[in-house]
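>>> with the sequence up front, the predicted model follows.
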Amino acid sequence: YQRRVHGDICGLKHFSSFKMQQDEMQTMPQVLCCVCGTLIDSNPTNTCLNCLKTKIDITQGIPKQLTMFWCRGCARYQQPPWVEAKPESPELLRLCLKKIKGLNKEVKLVDAGFIWTEPHSKRLKVKLTVQKEIFNGAILQQVFVVEFVIQGQQCPECEKSYTEHTWKSLLQLRQKVSHKKTFYFLEQMMLKHNVTAKVQTVKEQPDGLDFYFSNRSASLHFLDFLKSVVPIKFQASKRLVGLDQQNNEPSFKYTLFAEIAPVCRDDVVYLDPKLRQQLGGVCPLLLCVRVGCNITLLDTQTSRVVELSERDLFRHSVRSLLVSKQLIEYVVIDIEMLDSHNANTMTDLRKFSKQHLPVSQKVVPARVTITKASQIGDPDAQIECITHLGYVLKCGDSVMGYDIANTNLVDTIKVKERDIPEVILVRKHFPERRSKRRQRKWELRRMNVEQDDKILSKTNQAKQQQDYEEFMQDLEEDADLRSKVHLFKRKGQAPAEQAKDSDEDDDMPEVPLDELLDELDNMKLGLDDSKEPEEEEDLDEAAFQNKIKLLS
C-alpha cells in the first residue's frame, strides 16, 4: 500500500512539472528585435534571425573557392595520394570535404551534397549546411556553396609512362606460335585479377608483349602470377646504366624473359618414346584439351587423360605437331557409342585439374563414320574412327579434326602405323555461324597496349581480328574457359533483343545471361576506394636474386 501511494505521488509530481513547462511555453513573452524592431519570441540574443545572419557569419574562415588537381591520363584526383573517384560519387564528396579547412568542433557540418554543373566546365560545386553555437547557447545554422576549380596535372605514374627510360624492370613475354589467342586469354585474366595496376606501359611485339615496371618487386609478382596461369620458363638479366662514383652505388636495369610453352588448346602434341614410357605407354599423338599451369592431354583412342607439368614440358621439348590452323571439316554419317551402359566410360576432366571448376568437356568414347565436307557423296571417302565426342555428336553434325593419314610428318614420328590414328576429331563445328553474323550480347574489356606502326600492317590487323574472333568463339563453346574471365553485357542492347537472339538457333553455342556482368566502368569490387594501395618497397640485389631462385 505504501509503494502504491508513493507511485501516485511521483506521478503527480511529473505531471505537475510537465504542466508548468507547457504553461511557460504558452506564456513565453514576445520582445522587439534590438536591431530592426520586429516583434519576435524572446531568445538569448533578443535579435531576429535575419539580423543575426547579417551581423554574424559563422562561415568566416572557411574558403569558398578551392583548386583540385586531376590527372587526364588515369582520371584520378590528388588527395594525396592519387585516388579514383566517379563524378558526384561519395568518394569524390569525401575528397572535397577533406580539402575544406575550417570545419571543426565549433563549426559542425550538418549536410553536404553536389550541385549539378556542366561536365566541361571544370567546376565542382558543393552545398554545405553548418551549425555554430553563438551567444548563451543560441545555435545558428547557415547554408553556403564551395566551388572547386579542376586543374590538370599529371600523376607520377603517368609521367613515367609518357617518359622513356624511366622503367627499372622489364618483363618480355613471348610464345612461338602462329596466333595470339593465348595472349588474349592472359589479357582477360590480368584484367580480372587486376595484376596490371603497377605496370607502367605495355607494348606489343610480333610474338608477344613487353611489360615495363618501376621496380623489381612488381615485376616478380607479375611473373609469379604468370606461372600460376600458364606454363613458362624464364631467364633474368641486368644491365649497368649508371654509377654513383661518390657513393660507389651502381644503377641497373633488369630484364626478365619469359617464354610460354608452344602448346595451345586443340593442338596435337607429339611425345618422345622416353616420356611415353614414363607415362605408362600412351599414344604418341595426344590432343591438348586444357592449358593451365599444367597441360592436360587426351588420348582420343583410349580416353586416357595425362597431365604434363611445366618441368616435363621444357625438359622433353614437348611441341605441337599439328595446330588449329590445320583443322579440316568433317561430316558425321553414323555414330555408335562404345559401352554406353557403363558409367565408367564418361571421364570428367575435373579429376585432373587442381582447380575444381565446372567443365563442359567430358569424354564419351564412340565409333563414328565420317567423311570430309568437300567429299560428301563419295562412298570411298568414308572414314571410320574412334572419338571422345560421343556426348555431343549426332548424325549430320559437322566436326573439325586432323587428317593424320594425309599429313606429311616427315621423320618426326618413328612409331608403328597401327599406333597412330587415321583421324583425330577435336570439336563440334557450326558452319552456319559465318553465314549468320550477328552482334553478341556480351563484350570483353581490353588493355591499353601501345602498338608500333611498323609492326601493325593491314595484313597483321586482319590476322589479329581473326584470332580475336576465334577466341570469342572458344569462350562461347567452353564454359570452363568462360569461368576464368569476366564477360560484360553489351551497351545499348535491350533485354527483348537479347531474348530474341537467344531464341534463334538453339544449336548454336550461346553465353547465358546469368553469366554476364553489368557495366562497372572500372569499379573495384571489395576494395575501399578511399585507401590507395601503398607503394611497395623495392627489393635489394640479394633479395631479388633469392626470389629468382625460388621462382625457378
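Now that the structure is in, tell me what you want to look at.

>>> roughly how far does the residue nearest to residue 237 when sequence neighbours are not counted sit from residue 35?
Leaving aside its sequence neighbours, residue 237 sits nearest to residue 255 (CB to CB, 6 or more residues apart in numbering; 5.1 Å). C-beta: built from backbone N, CA, C; applies to glycine. Going from residue 255 to residue 35 by CB to CB, to the nearest Å gives 78 Å.

>>> returning to that earlier point: just list whatever residues bridge to the residue nearest to residue 237.
With DSSP bridges as the criterion, residue 255 is bridged to residue 170, residue 237.

>>> thought it was touching residue 238?
Yes - Residue 255 is in contact with residue 238 according to CB atoms under 8 Å; the separation is 7.2 Å.

>>> using the three-state scheme, assign the residue positioned nearest the centre of the chain.
What sits nearest the mean C-alpha location of the chain, by CA atoms, centre = their mean, is residue 192, with 2.1 Å. At residue 192 the chain is in helix, as set by DSSP: H, G, I helix; E, B strand; the rest coil.

>>> ok, now how distant is it from residue 450?
22 Å.

>>> list the buried residues for the helix or strand hosting residue 93?
Assigned by DSSP states H and E, residue 93 belongs to helix 90-99. Using 16 or more other CB atoms under 10 Å as the test for burial, helix 90-99 gives 92-93, 95-96, 99.

>>> can you show me the helices along the stretch 101-250 of the chain?
156-162, 181-193, 216-227 (DSSP state H, counting those that start in this stretch).

>>> check the chain too.
2-26, 49-55, 90-99, 156-162, 181-193, 216-227, 273-278, 310-315, 432-435, 458-477, 479-482, 495-503, 541-551 (DSSP state H).

>>> and the nearest residue to residue 271 once chain neighbours are set aside, backbone torsions?
Among residues not flanking residue 271 along the chain, residue 284 sits closest, at 5.7 Å (CB to CB, 6+ apart). Note on residue 284: its backbone torsions stand at phi -70, psi -30 [degrees, to the nearest 10].

>>> next, count neighbours for residue 284.
Number of residues near residue 284 (other CB atoms under 10 Å) recorded here: 20.

>>> wouldn't the residue nearest to the centre of the chain be in contact with residue 488 here?
No - using CB under 8 Å as the test, residue 192 is too far from residue 488 to be in contact (11.4 Å).

>>> gap between residue 441 and residue 245?
Residue 441 is 63 Å from residue 245, by CB to CB.

>>> so can I have TSV of the helices of the chain showing mean pLDDT and distance to residue 337?
Listed next are these as TSV, based on pLDDT from 0 to 100; distance: least, CB to CB, whole Å:
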stretch	mean pLDDT	distance to residue 337
helix 2-26	46	89
helix 49-55	77	89
helix 90-99	92	59
helix 156-162	76	58
helix 181-193	91	32
helix 216-227	91	40
helix 273-278	87	28
helix 310-315	89	33
helix 432-435	58	26
helix 458-477	85	22
helix 479-482	84	23
helix 495-503	51	30
helix 541-551	73	46
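
>>> could those helices be laid out in a markdown table, adding distance to residue 207?
Supplementary listing: the helices of the chain in a markdown table, determined by distance: least, CB to CB, whole Å:
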| stretch | distance to residue 207 |
| --- | --- |
| helix 2-26 | 86 |
| helix 49-55 | 72 |
| helix 90-99 | 41 |
| helix 156-162 | 23 |
| helix 181-193 | 10 |
| helix 216-227 | 16 |
| helix 273-278 | 26 |
| helix 310-315 | 17 |
| helix 432-435 | 28 |
| helix 458-477 | 12 |
| helix 479-482 | 23 |
| helix 495-503 | 37 |
| helix 541-551 | 22 |
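
>>> out of those, nearest to residue 74?
helix 156-162 (5.9 Å; CB to CB).

>>> and that closest one, C-alpha only, in CSV?
Coordinates of each C-alpha in helix 156-162 appear next as CSV, following Å, rounded to 0.1, in the frame of the first residue of the first chain:
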residue,chain,number,x,y,z
PRO,A,156,53.9,10.4,-61.1
GLU,A,157,52.8,7.2,-62.7
CYS,A,158,51.6,8.8,-65.9
GLU,A,159,54.7,11.0,-66.0
LYS,A,160,56.8,7.8,-66.0
SER,A,161,54.6,6.1,-68.6
TYR,A,162,55.0,9.0,-71.1
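
>>> packing partners of that helix?
When contacts are defined as 3 or more CB pairs under 8 Å, 6 or more residues apart in numbering; DSSP states H and E, helix 156-162 sits against strand 199-205.

>>> tell me what the strand it packs on is packed against?
With contacts defined as 3+ CB pairs under 8 Å, 6+ apart, the packing partners of strand 199-205 are helix 156-162, strand 208-213.

>>> give me the contact list for it.
Residues external to strand 199-205 that are found in contact with it (CB atoms under 8 Å, 6 or more residues apart in numbering): 157, 160-161, 166-167, 172, 174, 196, 209-214, 218, 222, 447-452, 455-456.

>>> got a quick PyMOL command for the buried subset of the residues you listed?
A single PyMOL command selects the buried members of those (16+ other CB under 10 Å):
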select buried, resi 157+160+161+167+172+174+196+209+210+211+212+213+214+218+222
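
>>> so residue 314 sits against residue 262, correct?
No - assessed by CB under 8 Å, residue 314 is found out of contact with residue 262, at 10.3 Å.

>>> higher neighbour count, those two?
residue 262 (19 against 14).

>>> which stretches of the stretch 1-150 of the chain have low pLDDT?
1-28, 136 (pLDDT under 70).
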